[in-house]
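Trainee: kindly generate the corresponding structure for this input.
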Amino acid sequence: MKLTTPMQITAADSDARTITGRIVAFNEHANASTGKVVFARGSIVPQDVFLNLEHDNTRRIGKSIAMSVNDKEMTATFKIANTTAGTDALIEAMDGLRDGFSIELAVDNYEMQKDGTMKVLNGQLTAVALVTEPAVRSARVSEVAASEDSETHEVTDTTNPNEGDKVENTTENAAPAVEPVAAPEVAPVEASRPAYYTAPRSPIVNKVSYLEHYLKATILHDEDSRQYVKAADNTTSTAPGMIPTPQSTNVINALANADRGMIDALSREALVGEGMTFEIPKVTAVPTVANIAENAAITESNLSATFLSVPVQSFKGRAISTIELIDRSRPEYLSALLQNLEFAYAKVTDEFAVGTIAAAGQQTGVNANTATGFLGYTSQAAGAVYGSSLGFARNIVVSPGQWTNIMGYNDNGAPLYNAAQPSNAAGNVRGDSLRGVVSPGLNLFVSRSIGNAGPTTSTGDFSMVVVNPDAWTWYESPRFTLRTNVNSDGTIDILYYGYAAIAPKIPFGACWNQT
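Mentor: Next up is the predicted model:
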């Protein structure tokens, strides 16, 4: 759990480029990102962290150089970077424009009190941010050292004298706490503050905005636009290499996904944890009952069974990277690598299930590539599956091409499967969903592993398959295992693998169309 809660700084030293303040108040209620919160004494220990601007970890302006903790609070001093953003932060802190501290905490243990307040018992400090809005007003800016030869003075907040904790003067030889209130002591601080120049933020960010302000400067004689263009001539036009090109963290992938339409249409069970083969008892003969006359002999019968042996298959994928690539690349690279290994695993397992069913199924004698043919195919296939498996066909798996055909089937122009008014609809098939319902009540699944992308049998194209899910079961290990190995040449092997099996409990429990 990540928790952020603001405090307020107590000192800013522009010469030493440091900002000091209380970052945690123990046993004092505050407002955090999760709501009301209170930190137990000793719940947080000091450690070096970065100082970010408004909780944006891409805008680091400093780093902690000292921290202290007592029974009441934790204070910290941050060294501010000698950058434009760091200088702006110092000026804003001294002027009281951005004078708040807000911690970022990874909460390890907490308890909820009756009033809904979270009491943090243990957590790890991950970062601190300089913010504009603190939750606690008990620590205002108490010291500003503007330059080397300027005298340090303490400024006391008089806006709300009844709230807040006592602020200690951290500067040696500081005046007593009551003296800084006097006006003569405050004025030298403002007078001796060094002047900092911050370049204005130009609205010219691309060629279009440059042209806009160029026209305003030359035609309308706009002085602001003239200054913007003059500044841009020294940056965007003459030094394009100094302008960074940001990259999005979203990865485009039109080559793979995790869809497994065929496997989703089958019944599913967990794979046993050992062995490369397992067996399922299967009845081969059943007792008989006949109409027997009185005193006539009764024909003997019995129950016979055997075992269906199901082989366990292993599916593996291997990717090779280097230590440098893992260490120096953005985190999105490794995430995309593992995600695409998972996509490849989904593709090969679904194709394996399609190939196994195609080798053992049956077909109908109907050409199903028309609306009338489709209705005839699904009806005949449902009857054939029940006759062969004594179970009902509940699902149909189709190729993307047949999915396209089905969405276009109509009755005198009225869509059959995606009608806006369902009075004429025989089901529901949508262009933005790989699931649907078609006549005669079959659940539709779309799989890229069949049809043109899958096997072609000698008696059919396998572009549509009606399935009794109880006749075919997909077994799979409860989780996939990832193992890595660092080789002597600095390459890293990433092996993604898992185990699965498909049981043809009743092979003719699937039926496909005839082309």
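Trainee: which strands or helices does the host helix or strand of Gly383 pack on?
Mentor: Applying DSSP states H and E as the criterion places Gly383 in helix 371-389. Contacts defined by 3 or more CB pairs under 8 Å, 6 or more residues apart in numbering; DSSP states H and E place helix 371-389 against strand 362-367, strand 464-467, strand 510-514. To be clear about C-beta, it is placed using only N, CA and C from the backbone, and glycine gets the same treatment.
Trainee: deepest of these, which one?
Mentor: strand 464-467 (a mean of 29; mean count of other CB atoms under 10 Å).
Trainee: show me what it is packed against.
Mentor: helix 371-389, strand 395-398, strand 510-514.
Trainee: nearest to Gly123, out of the helices and strands packed on helix 371-389?
Mentor: Comparing the helices and strands packed on helix 371-389 against Gly123 with CB to CB, the closest turns out to be strand 464-467 (52.1 Å).
Trainee: the closest one: partners in the sheet, and parallel or antiparallel?
Mentor: Looking at strand 464-467 with DSSP bridges, its partner strands are strand 395-398 (antiparallel), strand 510-514 (antiparallel).
Trainee: ranking these by mean pLDDT, which is last?
Mentor: Per-stretch mean pLDDT for the strands paired with strand 464-467 is lowest at strand 510-514 (a mean of 76).
Trainee: that one vs helix 371-389, what angle?
Mentor: Interaxial angle of strand 510-514 relative to helix 371-389 (axes from the mean of the first three to the mean of the last three CA atoms, to 10 degrees): 150 degrees.
Trainee: and strand 510-514, how far out from the chain's middle?
Mentor: Relative to its chain's centre, strand 510-514 lies at 40 Å (CA atoms, centre = their mean, to the nearest Å).
Trainee: sorry, back to before: and the strands paired with strand 464-467: which comes nearest Pro281?
Mentor: Comparing these by CB to CB, strand 510-514 comes nearest, at 21.7 Å.
Trainee: longest helix of the chain?
Mentor: Longest helix in the chain, counting residues (DSSP state H): helix 331-358.
Trainee: against which helices or strands is it packed?
Mentor: helix 261-264, strand 313-322, strand 472-476, strand 491-504.
Trainee: again, only this time at 7 Å
Mentor: helix 261-264, strand 313-322, strand 491-504 (3 or more CB pairs under 7 Å, 6 or more residues apart in numbering; DSSP states H and E).
Trainee: just the ones you listed: most buried one?
Mentor: helix 261-264 (a mean of 25).
Trainee: between the helices and strands packed on helix 331-358, which gets nearest to Ile450?
Mentor: If we rank the helices and strands packed on helix 331-358 by CB to CB, the stretch that ends up nearest is helix 261-264, at 6.7 Å.
Trainee: pLDDT on the closest one, on average?
Mentor: pLDDT averaged over helix 261-264 gives 91.
Trainee: packing partners of that helix?
Mentor: If you count contacts as 3+ CB pairs under 7 Å, 6+ apart, helix 261-264 packs onto helix 331-358, strand 442-446.
Trainee: and the first one with strand 313-322, angle?
Mentor: What it means is helix 331-358. 160 degrees.
Trainee: Thr18 pairs with what?
Mentor: With DSSP bridges as the rule, Thr18 is bridged to Asp13, Lys79.
Trainee: check the spacing between Tyr497 and Gly275 real quick.
Mentor: Distance, Tyr497 to Gly275, using CB to CB, to the nearest Å: 17 Å.
Trainee: quick one: the helices in the protein?
Mentor: 84-94, 183-191, 207-218, 223-233, 261-264, 323-328, 331-358, 371-389, 400-408.
Trainee: and for the fifth one, what are the contacting residues?
Mentor: In other words, helix 261-264. Residues from elsewhere that reach helix 261-264, judged by CB atoms under 7 Å, 6 or more residues apart in numbering: Thr349, Asp350, Ala353, Val354, Val397, Leu434, Phe445, Val446, Ser447, Ser449, Ile450, Trp474.
Trainee: the third one: neighbouring residues, count only.
Mentor: Neighbouring residues of Ala353 were enumerated by other CB atoms under 10 Å; the total is 24.
Trainee: beta partners of the residue lying closest to Asn57 once chain neighbours are set aside?
Mentor: Of all residues not flanking Asn57 in the chain, Ala127 sits nearest, at 6.7 Å (CB to CB, 6 or more residues apart in numbering). Beta-bridge pairing for Ala127 (DSSP bridges): Glu104.
Trainee: so who does Ala127 touch?
Mentor: Counting by CB under 7 Å, 6+ apart, Ala127 has contacts Val49, Phe50, Asn52, Asn57, Glu104.
Trainee: and of those residues, the nearest to Ala40?
Mentor: For the contacts of Ala127, the nearest to Ala40 is Glu104 (18.1 Å; CB to CB).
Trainee: next, count neighbours for that closest one.
Mentor: So Glu104, with other CB under 10 Å, has 20 neighbours.
Trainee: re the thing from before, reformat the helices and strands packed on helix 331-358 as TSV; add distance to Ile219.
Mentor: Listed next are the helices and strands packed on helix 331-358 as TSV, based on distance: least, CB to CB, whole Å:
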stretch	distance to Ile219
helix 261-264	62
strand 313-322	56
strand 491-504	60
